[in-house]
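> Structure, please.
(chains A and B)
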Amino acid sequence: MSRGTTSHNIPTQEGVENKIIIENLSVAYSDGTESLRKVSLAIPDHAITVLFGPAGGGKSTLLRTINRLNDLADVVHLSGHIWLDGKDLLDPHIDVIALRRQIGMVFARPVVLPMTIHQNLTYGMELAGIRSRDHMEKAIERSLQAAALWDEVRDRLNEPAVALSGGQQQRLCLARVLALEPEVILLDEPTSGLDPISTGKVEASLQELKQHYTIILVPHSIQQAARTADYAAFILDGQLIEYTHGKKIFTNPQDQKTEDYVEGRFG
Amino acid sequence: MKSVKSMVSRSKRQNFIQRLGFAGMTLAAMVTVTPIILIVILIFWQGAPAISWEFLSGFPREGMRAGGILPAIVGTFWLTLGTGVIAVPLGIGAAIYLAEYSPDSPWTRIIRIAIINLAGIPSVVYGLFGLGLFVLFMRFGTSILAGSLTLAIMTLPVIISTTEEALRAVPNSFRVVSVSLGGTQWQTIRRIVLPQALPGILTGVILGLERAAGETAPILFTVAAFFLPQLPSSVFDGTMALPYHLFVISTQVPGMPLRIQYGTAVVLLTFVLGMNIIATILRSRARARRQW
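Below you'll find the predicted structure:
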């Protein structure tokens, strides 16, 4: 079974190509924390879609379900579908390894692997079976450029990655994902540990990257959500409350709960 | 005023207790370390004069009362090597299974409890077990093979638990990142987890082998020869070994020169301490290089 178009009951944005369609997704963990209940939404290609809401509401769960990282967690219930270009990601027979290359992820805390900057970038490519040095060197330069890190590290690629500052490490994590030429990039509060200048650099590169990728971002603040969102989904207690244009949801929210949250009355 | 006074006297009292505790713990440390240092000094003091080229490279003569201890040195070398060849791959494999693959189930809990208990079994029991299984039942005879297998079984719990600990010490975030970059679980273990855990694993392996090298009881019934003035030529040969030789010349041979007893102890101690020092160097080097 596959589907390319959305049915009428899935929240969809007008006039855009949808890259990912999430349909009736429910997730529950064994310890009862952060679950999702019947979440449906369509995520447009070449745009930044922001998932925001109070902590513990299920945003990270949604991200981790999309690239199947939740396979590593203690999930006791999983139902629904996530369609990527008409293919169901939750199909047990899908090639999860290839999927994770296609859908890259940047985590809240920058985790550089204990090796050099260069090796951090080639790691994923080597796992993918890429052997061509030439291809790798080009991918490294291209992805570091895209993550706005090239000028800072071009002369020190063989230094340990931990020698970089926190902001540089996070941009390296982004570059590491980009080197694999994914189609979708998931970012889970990627700037939560960064200073405002580094945050600005990451946000600026996201604006560039959305020309070529589908980006789903869990922001670390409402302000960041408002700055970056092309589309924004408000997620509360495992449910999708409101999903619309980024500008609209922050200036003129339709749902009372969204309004309360955006205006800082809770959360 | 009164309350200030009582606070001062309380802090004085606490200070006193603090110093008393510190002194007590220093004393405990001294009491533990001093005998070890004294023993090592005594053995080297008494045994060093016995060490000569002939002692290290010669065969025992005159009922072991003269000559060298080469067969025992060679025997202990082969036994330690054999133990390593058997126990290291098995132990590391088991530890990888326990730390990386096994779910937290009653089954794995039983395995873990069994391993802890194995570590507590007296070594003479391993010796009898080896005699029953390898020497008699499997008909390996008293041989290096039977001895190595017995020592390996005794060493396995040490290697498994230290390796498992070293694997678990590698931050989980590395595993998640590796998997998120398209790594399989095995690629993640081989390329990230094992290299990071390697110093800890090596330390465990060396400490385990060091214990095997120094044990007497497990080799007593399975390999060690009282007097066998020739070098082993295959794994099915018996051999002399340093710990057992030391036991023999200290208790079983009348008129044994003290010098040779201490000399043998020096060689065994050097062998074991040397491995210990290597383990320490590996560990501290890795710690200095570690990036997390």
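
> how about A:R156, what does it touch?
A:R156 makes contacts with A:117, A:163, as judged by CB atoms under 8 Å, 6 or more residues apart in numbering or on different chains. Placement of C-beta: from N, CA and C, glycine included.

> Pull up the per-residue confidence for it.
We have a pLDDT of 94 for A:R156.

> what's the distance between it and chain B?
From A:R156 over to chain B the distance is 15 Å, taken as CB to the nearest CB, to the nearest Å.

> Doesn't that residue belong to a strand?
No. Checked against DSSP: H, G, I helix; E, B strand; the rest coil, A:R156 lies outside a strand; its state is coil.

> how far away is the residue of chain A positioned farthest from its centre from A:Q119?
What lies farthest from the middle of chain A is A:D155; by CA atoms, centre = their mean that is 29.4 Å. Using CB to CB, to the nearest Å, A:D155 is found at 16 Å from A:Q119.

> Next: B:A286.
B:A286 is 18 Å from A:Q119, by CB to CB.

> Just list what the lengthiest helix in chain B packs against, helices and strands only.
Identified as the longest helix of chain B according to DSSP state H is helix B:2-47. Other helices and strands packing on helix B:2-47, by 3 or more CB pairs under 8 Å, 6 or more residues apart in numbering or on different chains; DSSP states H and E, are helix B:258-289.

> Enumerate every residue touching A:L84.
Counting by CB under 8 Å, 6+ apart, A:L84 has contacts A:19-20, A:99, A:102-103, A:183-184.

> Which pair of those spans the longest distance?
Largest separation among the contacts of A:L84 by CB to CB: A:K19 and A:L99, giving 13.7 Å.

> Of the contacts of A:L84, which belong to helices?
Using DSSP H, the contacts of A:L84 in helices are A:99, A:102.

> Most neighbours out of the contacts of A:L84, which is it?
Counting neighbours by other CB atoms under 10 Å in any protein chain shown, A:I103 comes out on top of the contacts of A:L84 with 27 neighbours.

> Which strand residues bridge that one?
Taking DSSP bridges as the rule, A:I103 bridges to A:V184.

> OK, contacts around it?
By CB under 8 Å, 6+ apart, the contact set of A:I103 is A:66-67, A:84, A:182-186.

> In terms of distance to chain B, which of those ranks first?
A:N67 (6.6 Å; CB to the nearest CB).

> If I look at the closest one, what pLDDT would I see?
91.

> again, but for B:S3
On pLDDT, B:S3 comes in at 69.

> re earlier: redo the contacts of A:L84 as JSON lines? Include distance to B:L181 and pLDDT.
Compiled in JSON lines, the contacts of A:L84 are given as follows (distance: CB to CB, whole Å; pLDDT from 0 to 100):
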{"residue": "A:K19", "distance to B:L181": "21", "pLDDT": "91"}
{"residue": "A:I20", "distance to B:L181": "20", "pLDDT": "93"}
{"residue": "A:L99", "distance to B:L181": "12", "pLDDT": "92"}
{"residue": "A:Q102", "distance to B:L181": "12", "pLDDT": "93"}
{"residue": "A:I103", "distance to B:L181": "11", "pLDDT": "94"}
{"residue": "A:E183", "distance to B:L181": "15", "pLDDT": "94"}
{"residue": "A:V184", "distance to B:L181": "14", "pLDDT": "95"}
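
> picking that back up, let's have the contacts of A:I103 in CSV, adding distance to A:E203.
Putting the contacts of A:I103 into CSV (distance: CB to CB, whole Å) gives the following:
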residue, distance to A:E203
A:I66, 21
A:N67, 22
A:L84, 25
A:P182, 19
A:E183, 21
A:V184, 18
A:I185, 13
A:L186, 16
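
> For these, name the two members farthest from one another.
Within the contacts of A:I103, A:L84 and A:I185 form the most distant pair, 13.1 Å apart (CB to CB).

> Kindly export the host helix or strand of A:T61 (C-alpha atoms) in PDB.
If you go by DSSP states H and E, A:T61 is part of helix A:59-66. Presented in PDB, the C-alpha positions along helix A:59-66 are these (Å, rounded to 0.1, in the frame of the first residue of the first chain):
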ATOM      1  CA  LYS A  59       7.900  16.700  19.900                       C
ATOM      2  CA  SER A  60      11.100  14.700  20.300                       C
ATOM      3  CA  THR A  61       9.100  11.500  20.100                       C
ATOM      4  CA  LEU A  62       7.700  12.600  16.800                       C
ATOM      5  CA  LEU A  63      11.200  13.400  15.400                       C
ATOM      6  CA  ARG A  64      12.700  10.100  16.700                       C
ATOM      7  CA  THR A  65       9.800   8.200  15.200                       C
ATOM      8  CA  ILE A  66      10.400   9.700  11.800                       C
END
